[in-house]
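Participant: Let me see the structure of the following:
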Amino acid sequence: MSNHRQYLVQLDGLRFIAVTLVMIDHWLGQANVLPLGYFGVNLFFVLSGFLITRILINSKQRDTELGRGHGHSLKVFFIRRNLRIWPVYYLTILILALVRFQGVRLSFWWLITYTTNIWIVIHQNWLGAIDHLWSLAVEEQYYLFFPFLLLFTPERYFLRMLWSLVAISFLLRVALFVTDAPWMAQFVLMPTCLDAFGIGGLLSWLIIYRRALFDKIFSSNTLLLGSLVLYVVHLYFLITVEPARNVFTDVTDRLVTSVFCAAIIGRAVLGFGQPIKWLLENEVAKYLGQISYGLYLFHNIVFNYYHTQPTYITMRVWRKATSVLPFLQTTSVFQLVYFFTLTVALAALSWHLVEKPINSLKDKFSY
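Facilitator: Predicted coordinates for the structure are as follows:
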């Protein structure tokens with residue numbers, strides 16, 4: 001198997017891991033003390049930074065080779081991104097609004113403009129079972145400015161620009177922390193998440209401009225293990241230090257998590273060996289990675305520990321099932337399997353009926 005093929009396969013597997021962590025976090029609620037959801041979202045951010053930066057650098061180089069301006073690359077980028085993201089998102093929002101799903105009509109205009117993260121900061125409150133859409137808002141806001149920034153920055157300044165994104169984001173969180181700004185600001189605003197995207201971008205810069213160095217760094221497990229140790233030590237302080245919101249939760253967490261995520265992604269690009277290779281490349285992981293957007297979009301709608309009411313349809317069905325099969329109540333694992341099965345079913349239907357057919361239109365728009 002070629003490195004290119006391994007890269008594609010193992011990144012699909014990482015998407016599956018990322019979305020699974022988020023789902024478990026939102027379904028277990030207080031029964032889980034680890035920041036699984038935060039880690040999963042951050043892995044998505046770093047992965048997006050890596051892939052988008054790589055696409056745009058390659059596109060910019062092709063523009064230069066063909067002697068054309070960057071208007072073509074911008075047009076193709078936005079068409080391809082929107083074909084992937086918009087259809088199922090807006091269809092979901094429309095259906096949820098029609099059935100009066102919690103919070104949707106209240107924040108409808110914020111939802112359709114991908115600004116729910118700003119709503120959360122303004123109101124200092126979550127949006128119920130649709131609050132997870134803040135991360136999609138962050139990604140969409142990143143897509144709005146980063147293509148222009150990269151395509152119109154001279155190549156010799158790329159490295160400086162990417163490091164600047166990391167530094168600006170980190171310093172902004174420092175400023176918010178020392179001024180006692182509401183903690184939600186550092187958590188959900190796009191500028192405070194930019195170090196994750198920037199670190200992903202640095203991976204792309206390495207693989208394109210310093211491939212030998214990239215291979216040297218990530219073919220060894222040194223960075224992976226070192227960043228894991230750093231993450232575990234940081235996690236200990238994050239959980240044990242008082243008060244609950246502290247410099248570890250509000251300032252350093254995203255940076256440390258992003259470094260560990262980057263080490264994982266870099267190793268996956270070259271290809272993990274067994275047994276992780278099997279975990280990331282088996283057919284189930286690859287498929288669930290492909291439909292991970294739908295899994296993320298729908299999982300909170302199926303159930304959220306903090307916001308789903310006992311009268312909600314998925315809970316009524318569950319209670320009916322447990323009345324017929326009492327053993328299902330012996331462990332929470334059965335309930336997790338139930339939520340997972342419903343979410344996969346919805347995501348699979350979405351993929352085959354909506355996303356995949358529309359996604360095929362991307363072939364008409366090449367860089």
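Participant: okay, and the helix or strand of the protein with the least pLDDT?
Facilitator: For the chain, scoring each helix and strand by mean pLDDT, DSSP states H and E identifies helix 3-28 as the least confident one, at a mean of 84.
Participant: immediately after that one, which helix or strand?
Facilitator: Using DSSP states H and E, the next helix or strand after helix 3-28 towards the C-terminus is helix 36-66.
Participant: Now that next one: buried residues?
Facilitator: Residues of helix 36-66 classed as buried by neighbour count (16 or more other Cβ atoms under 10 Å): 36-57, 59-60, 63. From N, CA and C alone the C-beta is placed, and that goes for glycine too.
Participant: just checking, what packs against the helix or strand following it?
Facilitator: For helix 36-66, the following helix or strand on the C-terminal side (DSSP H and E) is helix 71-98. Here helix 71-98 touches helix 36-66, helix 108-112, helix 134-151, helix 292-302, helix 356-359, going by 3 or more Cβ pairs under 8 Å, 6 or more residues apart in numbering; DSSP states H and E.
Participant: and the angle from the fourth one to helix 36-66?
Facilitator: Between the axis of helix 292-302 and that of helix 36-66 there is an angle of 150 degrees, by axes from the mean of the first three to the mean of the last three Cα atoms, to 10 degrees.
Participant: so who does the most centrally placed residue in the chain touch?
Facilitator: By Cα atoms, centre = their mean, the mean C-alpha position of the chain lies nearest to Phe44, the distance being 2.7 Å. Listed by Cβ atoms under 8 Å, 6 or more residues apart in numbering, the contact partners of Phe44 are Arg15, Ala18, Val19, Ser135, Glu139, Tyr296.
Participant: ok, now Gly103?
Facilitator: Leu127, Gly128, Ala129, Ile130, Asp131.
Participant: now, which of these lie within helices?
Facilitator: Judged by DSSP state H, helices contain none of the contacts of Gly103.
Participant: and these as a markdown table, adding pLDDT?
Facilitator: Converted to a markdown table, the contacts of Gly103 look like this (pLDDT from 0 to 100):
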| residue | pLDDT |
| --- | --- |
| Leu127 | 91 |
| Gly128 | 92 |
| Ala129 | 94 |
| Ile130 | 96 |
| Asp131 | 94 |
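Participant: in which helix or strand would I find the closest residue to Phe45 other than its chain neighbours?
Facilitator: Nearest residue to Phe45, sequence neighbours excluded (Cβ to Cβ, 6 or more residues apart in numbering): Ala196, at 3.7 Å. Per DSSP H and E, Ala196 falls inside helix 194-209.
Participant: Name the residues of that helix that come out as buried.
Facilitator: 194-208.
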